[in-house]
Structure formats: structure tokens, C-alpha cells
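build me a model:
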Amino acid sequence: MTTHPIILMLNKAVATTGLKREDICHLMKLAIEEATCDYFAVKDCEANLRYETVYPVFHFPESMSMEEAEMFKPNAVYNDLIYPEFTFGMLHEDIIVHCRELFTRNLRIMQEQNLHKKWAKMKHRVVGGYIDTVYANRVTISIDDEQGLCGVMLKPEWVPSEIPMYNHGKFLNFYVVKVAQDKSLVVVYLSRGTPSFPIALIREKVHGPKVKIIKRLRGKKSWIKSSEPIPQPVLEEVRRELKGEMLEIVLETFKTRGRKKYSPGPNVKQY
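Modelled structure (predicted):
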């Protein structure tokens, strides 16, 4: 038995998009119903993917003649609703073509929404990527091979001393500044120059200390408040990631009763 084109479309989407099957089935159901309604010029329709059937709702005599109504409902009377059953195999080619257009569009919208949702969770975190193209005012970075997503690092987010290494194919870590959606395009804005970057790198590697940036001279030195000493191997790893940028850790204690405040303790420098 030959598989109907609608089912082939659905199965292909399940296999290639990474979306949940129930979500894809819902999109296909909506596409079939809208395409069928448009073809028959009716307002309501119900599709059943399991049984591969469609039930457009005709209003007699507004959308169906007496002769047509009696084919599906003998002795139909004025204002009757007629529910003829069509299998997928009975659907006109125009319905299939329109269904494919609607399904493809809605599938793309859902993929974009899921992609935006996924990357919105990465805001203020560190992500790795390969530099793609370097322009005068921005750098594009490949950050998601599976989705083919590129991030953007605008020139104000660059580290001046690092610019010579911004070359095609270079792997670096970046700080996710924000995630935006412009119509059908998801844009992830990245940075290596933000004062938050050293802090994010430390938090990725050690979860105990409470850390906060005091000041950063990008590419040269960062001053960081910490509730406890940062392990030296972590600092060395962060320094390597920052291409040799010096790190000064200022130790401070936290009052735990009432509102939390910083209480200056002996300053301890760590590099």
C-alpha cells in the first residue's frame, strides 16, 4: 500500500526536525484543516491523522446545494450541517499542495520559536563557537552546527588586544549578551569584552564562591570580589581563556542575618 504524501511529509518532519512528534502532528492537522476549508470555502473542518480522514462542515444551503446535500444526508432540511467524510486519498491535489505550503511555514515558525527559547536560556552564560566571518564592525560566529545558527559579536564587544586572532575557523568562548528574534531570524549577540565575561567563566568552573566584577580593563586586568578564595587552577584556566588578562581577587565576607551586605575583609590578591 502506497503511503499518502501527507503522511510522508509528517514522517520526514519527525525524522529531521528534532521537534516532538505530537507537536508536528498538531501542525499537520491544522494545515490539513485550513487547506480543506480554503478549498471547499467552508469555515470548519476536522482532520484525523490516525484514520487519514477529513470532515469538512458544510452548511446547507449556504455552502452546499440540495443535490450535493442529499448525497451525504438524505432528507436534509434548511440550515442542516453536513459532515461528509473524505479519506486522504480522495483529497484534490490542490488541497495537498496548499497543505504542504501551510505545514512547511508553520513548521519553520515552530522551529524558530524553539530555537529562540533554547538560546534565551543561555543568556548571561558562556558558549563556545568558531569564528566564521570578520567584518569591519562585527564578527559572525558559528555556535550551533545542528541548527546552523550564527552568533554576532559587534565591534564594541571586542577585546582590542585579541583582534589579530579573530580569524575564520578560530574557536573561542563567548558571553551571551542577549537573544533576539527579528521576524524569522534568531540573533544571538555575543561578547568577549563585557565586564561580566570573567565572572561567567569563573562560575562555569566553580560554583561555591559568590563573585562580582569590580572593574575590568579588557585584555589587561579584571578586579573581582569573591566570598572565598578561587582555586588557583581555575584562575589559571580563566586567564588562559582571557588570553593572559590579569585577575585580582578581593576577598570579602557576607553577613547572613537580615539583608545581605558586603563587609570588607583583608584584601587578598590572586592572579
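
low-confidence ranges in the protein?
1, 63, 65-66, 69-70, 74, 76-77, 145-148, 183-184, 253-271 (pLDDT under 70).

got a list of what Arg246 touches?
I think there's a mix-up here, since residue 246 is Met and not Arg. 220-222, 239, 271 (C-beta atoms under 8 Å, 6 or more residues apart in numbering). From N, CA and C alone the C-beta is placed, and that goes for glycine too.

please check those and keep the buried ones.
222, 239 (16 or more other C-beta atoms under 10 Å).

so which of the contacts of Met246 are in helices?
Counting by DSSP state H, these place Arg239 in helices.

distance to Glu67 for the contacts of Met246 - can I get that in TSV?
Shown next, in TSV, are these (distance: C-beta to C-beta, whole Å):
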residue	distance to Glu67
Lys220	86
Lys221	87
Ser222	82
Arg239	84
Tyr271	91
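
from the contacts of Met246, which land in strands?
Residues from the contacts of Met246 lying in strands, with DSSP state E as the criterion: 221-222.

tell me the secondary structure at the residue nearest the centre of the chain.
Nearest to the mean C-alpha position of the chain, by C-alpha atoms, centre = their mean, lies Leu115 at 1.4 Å. Look at Leu115: counting by DSSP: H, G, I helix; E, B strand; the rest coil, its state is helix.

just checking, it touches Ile143?
No: assessed by C-beta atoms under 8 Å, Leu115 is found out of contact with Ile143, at 11.3 Å.

anything in contact with each of the two?
Common neighbours of Leu115 and Ile143 are listed as Leu149 (criterion: C-beta under 8 Å, 6+ apart).

tell me the buried residues in stretch 244-253?
245, 247, 249-252.

tell me the one of these nearest Met9?
Glu245 (52.1 Å; C-beta to C-beta).

list the contacts of the nearest residue to that closest one once chain neighbours are set aside.
Of all residues not flanking Glu245 in the chain, Gly219 sits nearest, at 5.8 Å (C-beta to C-beta, 6 or more residues apart in numbering). Residues counted as contacts of Gly219 (C-beta under 8 Å, 6+ apart) are 159-162, 242-243, 245.

and Gly219, how close does it get to Leu242?
According to C-beta to C-beta, to the nearest Å, Gly219 and Leu242 sit 8 Å apart.

show me where the protein has strands.
With DSSP E as the criterion, the chain has strands spanning 44-48, 53-59, 81-82, 86-87, 126-134, 138-144, 149-154, 171-182, 185-191, 211-217, 221-226, 246-254, 262-264.

any chance of the ones you listed in TSV with distance to Leu102 as columns?
Compiled in TSV, these are given as follows (distance: least, C-beta to C-beta, whole Å):
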stretch	distance to Leu102
strand 44-48	12
strand 53-59	14
strand 81-82	24
strand 86-87	17
strand 126-134	33
strand 138-144	27
strand 149-154	25
strand 171-182	21
strand 185-191	21
strand 211-217	49
strand 221-226	52
strand 246-254	55
strand 262-264	57
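
which one of the ones you listed lies nearest to Leu10?
Leu10 lies closest to strand 44-48 among the strands of the chain, at 11.6 Å (C-beta to C-beta).

what bridges to Trp223?
Taking DSSP bridges as the rule, Trp223 bridges to Lys215, Glu248.

surely it meets Arg216?
Yes: if you go by C-beta under 8 Å, Trp223 and Arg216 touch, sitting 7.5 Å apart.

re earlier: tell me how far the residue nearest to Glu245 lies from Ala47.
In terms of C-beta to C-beta, Gly219 sits 59 Å off from Ala47.

and if you look at Glu228?
61 Å.

quick one: which of these two has more around it?
Taking other C-beta atoms under 10 Å, Glu228 and Ala47 do not tie; Ala47 has more neighbours (23 against 16).
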